[in-house]
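In: test case, fold it:
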Amino acid sequence: VQGLPRGPVSKDNLSPFSSSPFEIGDHLIDLGKLKASDLKAAYANFNALPESDTLKEDFINFKQNRPDLDRYGILEVLKIRYETDYWPHWNGPNSELDKNLFNYDDAKEVPADKKVRQDELKKDEDVEFYQYRQFIANRQHLDAKNKLNEDGIKLFGDCLIGFSHRDQWAFMPAFEVGKSVGCYDYDGKFNDWGLPCLDFKKLYEGDGQLAAAGKVLKRKFDIFLSSYDGARIDAGWQLSNPATNKGPEYLGDSLLKILQMSLEDQRKIGHDIKTEDINIEELGGPDQAVNLTKNKFPHIHITRYAHEGWGRVAYYMQNMAYKLTGFTIGVGCHDDLSLIQLAEEKTQEQKGLLSRELKTPVSTQEEFRNAKFAELFTSRNQFFTAPDIVGDKRRLNNPGDYKDPQNWRINVLDNGSDPEEIYFRNL
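Out: Got it, this is the predicted structure:
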């Protein structure tokens, strides 16, 4: 089972793919398990526990292992004061200092004015309240993972290729000013996602040790891999071929080496993540990126755009020389049309190809939907999106509609239906 990115969302940005990979959003906390009406009440109950309570001891250990959350706690305080966490829009007497509060070399002494301001903000009770929420969210996440594991199910996560504006504020020297990450559309036009871009000149020091950007990337992988059994690496071709508003770049295996470091470190502490469980989204990635990791990590591909010369399962096997376990395939990904929508648009275009390859008639939209699922089983590894499994017509995400509250929601409970009944009916 693979989930969406779990970072915080807000009224200004409802997309989990623009969230921080270092944080867990409050929307994922189960209040029922806390036996509280809201998070403030849960925190008050927590504070009323004796200091010797094991939950409080666990909280102290959690904070010690995640010193970076001090910075995000301060950001939460400033978010309240400035009424937004989008720091470029901050205005006020201390705004310039606050915008650059962590813009210094971590290896050197903290500048005096920033140290005074940090110490002042750390005293705000909302810092520890934020850390408590992260602690509870992480604890519930790991509980859910362990329960799935007990049933023989692995929990995969969606490892964001990018970072958020919150991360840029917390680790400013690791990012290149004015540079953002995006992708190239099929017509060659650059689609700017607006995500902050690491400063690739700061990945490694001259002696090969990790520099500022490399440390932030390594920390992202460490936190992510410690939370899951496997991964989908979002827009994985950008691990070698990042697309930015300043043009395309080729970094070879510079970023992949950092991912490999994190995998090895996890294995050293007993978390045996399998290489075959790290799935790299390639889709239409450049040949350089595809060839760099092909048959080393499984690649993710889709059949939505399949035609005679591209996108069929047989194409990946024959034309791209994948091993049987070298790729995982689905009809579409998280921001594609739903299968029902796809049938409305593509039945006429793809029915001949599907009829020939599956040796069965495909003429109606229902036959098309069945055939697109059946087609996946001519491969070794398949994936299915939740909207298609429950028969939701809407697409999960309309790219660009980051403020639409219907994005990222699946209507499993429409008309009082039972999710389990819906699942088996559509299966």
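
In: mind listing what's buried in the lowest-mean-pLDDT helix or strand in the chain?
Out: For the chain, using mean pLDDT, DSSP states H and E, the weakest element among its helices and strands is helix 419-426, scoring a mean of 74. Buried residues in helix 419-426, counted by 16 or more other CB atoms under 10 Å: Ile422. No exception for glycine: its C-beta is placed from N, CA and C like everyone else's.

In: where along the stretch 151-300 of the chain do the strands fall?
Out: All strands of the stretch 151-300 of the chain, identified by DSSP state E, counting those that start in this stretch, fall at 156-159, 175-184, 190-198, 230-233, 243-244, 247-248, 278-281, 299-302.

In: export the ones you listed as CSV, with columns for mean pLDDT, mean neighbour count and distance to Leu342.
Out: Shown next, in CSV, are these (pLDDT from 0 to 100; neighbours: other CB atoms under 10 Å; distance: least, CB to CB, whole Å):
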stretch, mean pLDDT, mean neighbour count, distance to Leu342
strand 156-159, 96, 21, 22
strand 175-184, 93, 16, 21
strand 190-198, 93, 18, 21
strand 230-233, 95, 23, 20
strand 243-244, 94, 22, 26
strand 247-248, 92, 10, 30
strand 278-281, 94, 24, 19
strand 299-302, 92, 24, 10
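
In: how long is stretch 20-36 from one end to the other?
Out: 26 Å (CA to CA, to the nearest Å).

In: that should have said stretch 77-88, apologies.
Out: End-to-end distance (CA to CA), stretch 77-88: 16 Å.

In: wouldn't Pro196 be in contact with Leu160 here?
Out: No - assessed by CB atoms under 8 Å, Pro196 is found out of contact with Leu160, at 11.7 Å.

In: against Gly352, how distant is Arg71?
Out: 57 Å (CB to CB, to the nearest Å).

In: ditto for Ala41
Out: For Ala41, the distance to Gly352 - CB to CB - is 61 Å.

In: quick one on the thing from earlier: with neighbour numbers in mind, choose between Arg71 and Gly352.
Out: Arg71 (19 against 12; other CB atoms under 10 Å).

In: so the residue in the chain sticking out farthest from the centre: helix, strand or coil?
Out: Going by CA atoms, centre = their mean, the residue of the chain most distant from its centre is Pro361, 38.8 Å out. Under DSSP: H, G, I helix; E, B strand; the rest coil, Pro361 falls in the coil class.

In: enumerate every residue touching it.
Out: 355, 367 (CB atoms under 8 Å, 6 or more residues apart in numbering).

In: per-residue confidence for it?
Out: In this model, Pro361 is scored at 94, pLDDT.

In: for it, give its distance to Ser355.
Out: 6 Å.

In: and if you look at Arg66?
Out: On the measure of CB to CB, Arg66 and Ser355 end up 55 Å apart.

In: same question for Lys147.
Out: 43 Å.

In: between those two, who's got more neighbours?
Out: Ser355 (15 against 11).

In: give me the phi and psi angles of the more buried one.
Out: Backbone torsions of Ser355, given as degrees, to the nearest 10, read phi -60, psi -40.

In: for whichever helix in the chain runs longest, packing partners?
Out: In the chain, with assignment by DSSP state H, the single longest helix is helix 125-150. Here helix 125-150 touches helix 39-47, helix 54-65, helix 69-82, going by 3 or more CB pairs under 8 Å, 6 or more residues apart in numbering; DSSP states H and E.

In: what's the most buried one of the ones you listed?
Out: With neighbours defined as mean count of other CB atoms under 10 Å, the helices and strands packed on helix 125-150 peak in mean count at helix 69-82, which reaches a mean of 20.
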